[in-house]
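Asks: structure here, sequence nowhere to be found:
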């Protein structure tokens, strides 16, 4: 018999491949496992094994039977983790966690029997529906967070939380599934397992997990943030062309929580995700219970001001910046390799404080010919007059249009004919009126704030440290923020005429530190 896994030739009666230990006899309907479980139908297949609907002939009930892949079972590390799954997961009893029953072996096969949850996995639900209504998304997100807290409470890190591992039953109740790669917490973090198997799914991996560093429950909270993002939008926030590209996005790219990508996410939820998806585990929530409470507060409209605008707590004290830093929307900055992921210009943001005068990047007007008589000047540009615009209140959601830099055209002189005697001569032909030149498009503005601070370069020209506000010609511009402790952040922004684009970033929680 030829092994389907490695192609080795085996004896016809062999049940296991002599070379790779793969099981040669496939499970079919009616197969008996462990002398007890009758296979009824397949339910799914994952990286560590296959799951079947089975009938427990001893207890006369239907269960889910998970059977470890032969290749993984032959690896000592994977087999040990599979056996530990039952020891860990049986300690969890919660309405939002799938119950695990027992572990067994049948010759070369290793299996776990678990509660059969009738329903559909969350990934399939989102694939069909696109996203969930806000009320339903809140319910599912909070239920998953509560189930995750029950898992963490007994000392388990799930390590592979994702929408395919969350089941929704016909009543809409969420159940966290699949502890095949769960690992007991040893101290604050557990080291990544050795061997050739990748633990976790690239689209849901935390930055520390992607690096192969020790992980703890905060890594699961990062994955929960990905799941919550997916609930509201129908897609994951990070997806590259390859698994490696996806992992690099987790390491180097800020989550898309502003602009069109996040339009379907309520603002309070964005604040929760901004914390859950922090690159630094220390900047995330301390527990799943804390994140569940934040989600409830976001749903009920009671999320605290400091939580909704974390920069109010972390901003550097520099005049009134501290008072309005939280009103600046966090704008995604990406590394140069990911420019193609840059989002279109977001909706206008509040103006930054008036202490920083605008610096114009507009070209100077052409010199007036000597013969041209001087005219009354139009209103000066913001950069020319250096005056300050009163800052709006922190609750402002839209920046007022920037003043036009084009001089106002002089009013047309109104003429009326002088009274005189009637004339029989035909009326004079009207004097041709010169066509007025089109009014130049007004400039826009860019306001930049960074915590703790950063040097700002725009279109490869340095403009000094933050906070900074300056006038820019409408159109796309490359913005780079640099700090000696962090890798450069790059973002393409599109400046709109008469609008201010507010750009803000908290480098300690969203940046990538230099090694």
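Replies: Good, I have the coordinates. Only a predicted model underlies this, so the values are computations on that prediction, with no experimental measurement involved.
Asks: any idea which element residue 223 lies in?
Replies: Under the criterion of DSSP states H and E, residue 223 resides in helix 217-233.
Asks: tell me the angle the helix or strand following that helix makes with helix 217-233.
Replies: Sequence-wise, the next helix or strand beyond helix 217-233 is helix 243-252, with elements assigned using DSSP H and E. Helix 243-252 and helix 217-233 meet at an angle of 110 degrees, taking axes from the mean of the first three to the mean of the last three Cα atoms, to 10 degrees as the criterion.
Asks: check which element follows helix 243-252 along the chain.
Replies: Assignment by DSSP H and E places the next element after helix 243-252 at helix 267-276.
Asks: what's the average pLDDT for the helix or strand just after that following helix?
Replies: Per DSSP H and E, the first helix or strand lying C-terminal to helix 267-276 is helix 288-300. The average pLDDT within helix 288-300 is 96.
Asks: equivalent analysis for stretch 262-272, please.
Replies: 93.
Asks: would you mind listing the buried residues in it?
Replies: For stretch 262-272, the buried set under the neighbour-count rule, 16 or more other Cβ atoms under 10 Å, comprises 262, 264, 265, 266, 268, 269, 270, 271, 272. The C-beta positions use only the backbone N, C-alpha and C, and glycine is treated the same way.
Asks: before we move on, what about stretch 277-289?
Replies: 277, 278, 279, 281, 283, 284, 285, 287, 288, 289.
Asks: got the contact list for the third one?
Replies: When the contact criterion is Cβ atoms under 8 Å, 6 or more residues apart in numbering, the partners of residue 279 are 207, 251, 509, 510, 511, 512.
Asks: repeat for the second one
Replies: Residues counted as contacts of residue 278 (Cβ under 8 Å, 6+ apart) are 222, 284, 509, 510.
Asks: what's the nearest residue to residue 217 if we skip its chain neighbours?
Replies: Among residues not flanking residue 217 along the chain, residue 152 sits closest, at 4.5 Å (Cβ to Cβ, 6 or more residues apart in numbering).
Asks: kindly report the same for residue 139.
Replies: Excluding its sequence neighbours, the residue lying closest to residue 139 (Cβ to Cβ, 6+ apart) is residue 172, at 7.0 Å.
Asks: got it, and residue 111?
Replies: Residue 111's closest residue in space is residue 67 (Cβ to Cβ, 6+ apart), at 4.7 Å.
Asks: quick one: the one you found and residue 107 touch, right?
Replies: No - using Cβ atoms under 8 Å, residue 67 is not in contact with residue 107, being 11.6 Å away.
Asks: the more surrounded of the two?
Replies: residue 67 (24 against 11; other Cβ atoms under 10 Å).
Asks: now do the SS call for that one.
Replies: What DSSP: H, G, I helix; E, B strand; the rest coil gives for residue 67 is strand.
Asks: any idea how far residue 59 is from it?
Replies: When Cβ to Cβ, to the nearest Å is the yardstick, residue 67 and residue 59 sit 19 Å from each other.
Asks: same deal with residue 295?
Replies: Taking Cβ to Cβ as the criterion, residue 295 is separated from residue 59 by 37 Å.
Asks: which of these two has more neighbours?
Replies: A count of neighbours by other Cβ under 10 Å puts residue 295 above the other of residue 295 and residue 59, at 27 against 11.
Asks: for that one, what are its contacts?
Replies: When contacts are taken as Cβ under 8 Å, 6+ apart, residue 295 is in contact with 138, 141, 142, 145, 228, 269, 272.
Asks: farthest-separated two in these?
Replies: For these, the farthest-apart pair by Cβ to Cβ is 145 and 269; their separation is 12.5 Å.
Asks: for the protein, what's the longest helix?
Replies: Of all the segments assigned as helix in the chain under DSSP state H, the longest by residue count is helix 134-153.
Asks: buried set for it?
Replies: Of the residues in helix 134-153, those scored as buried under the neighbour-count criterion (16+ other Cβ under 10 Å) are 137-152.
Asks: so which of those comes closest to residue 162?
Replies: Lowest distance from residue 162 to those (Cβ to Cβ) belongs to residue 144, with 10.6 Å.
Asks: residues contacting the closest one?
Replies: If a contact means Cβ under 8 Å, 6+ apart, then residue 144 has 96, 161, 166, 174, 176, 224, 227 as its contacts.
Asks: what of residue 102?
Replies: Residue 102 sits in contact with 86, 90, 112, 113, where contact means Cβ under 8 Å, 6+ apart.
Asks: check the secondary structure at the first one for me.
Replies: The one in question is residue 86. Under three-state DSSP, residue 86 comes out as helix.
Asks: what is the burial count for it?
Replies: Applying other Cβ under 10 Å, we find 19 residues neighbouring residue 86.
Asks: what's the answer for residue 66, then?
Replies: Counted with other Cβ under 10 Å, the neighbours of residue 66 add up to 27.
Asks: now do residue 301
Replies: Counted with other Cβ under 10 Å, the burial measure for residue 301 works out to 8 neighbours.
Asks: ok, now residue 476?
Replies: Neighbour count of residue 476, defined by other Cβ under 10 Å: 11.
Asks: how near is it to residue 492?
Replies: 6 Å.
Asks: all strands of the stretch 1-150 of the chain, in order?
Replies: 32-33, 37-45, 49-56, 61-68, 100-106, 109-114, 120-121 (DSSP state E, counting those that start in this stretch).
Asks: so can I have CSV of these showing mean pLDDT and distance to residue 157?
Replies: Shown next, in CSV, are those (pLDDT from 0 to 100; distance: least, Cβ to Cβ, whole Å):
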stretch, mean pLDDT, distance to residue 157
strand 32-33, 92, 29
strand 37-45, 90, 22
strand 49-56, 90, 20
strand 61-68, 90, 19
strand 100-106, 86, 16
strand 109-114, 86, 18
strand 120-121, 92, 21
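Asks: residue 505 is nearest to which of those strands?
Replies: Comparing these against residue 505 with Cβ to Cβ, the closest turns out to be strand 120-121 (35.4 Å).
Asks: what is the closest one packed up against?
Replies: Counting contacts by 3 or more Cβ pairs under 8 Å, 6 or more residues apart in numbering; DSSP states H and E, the secondary-structure elements packed against strand 120-121 are strand 166-168.
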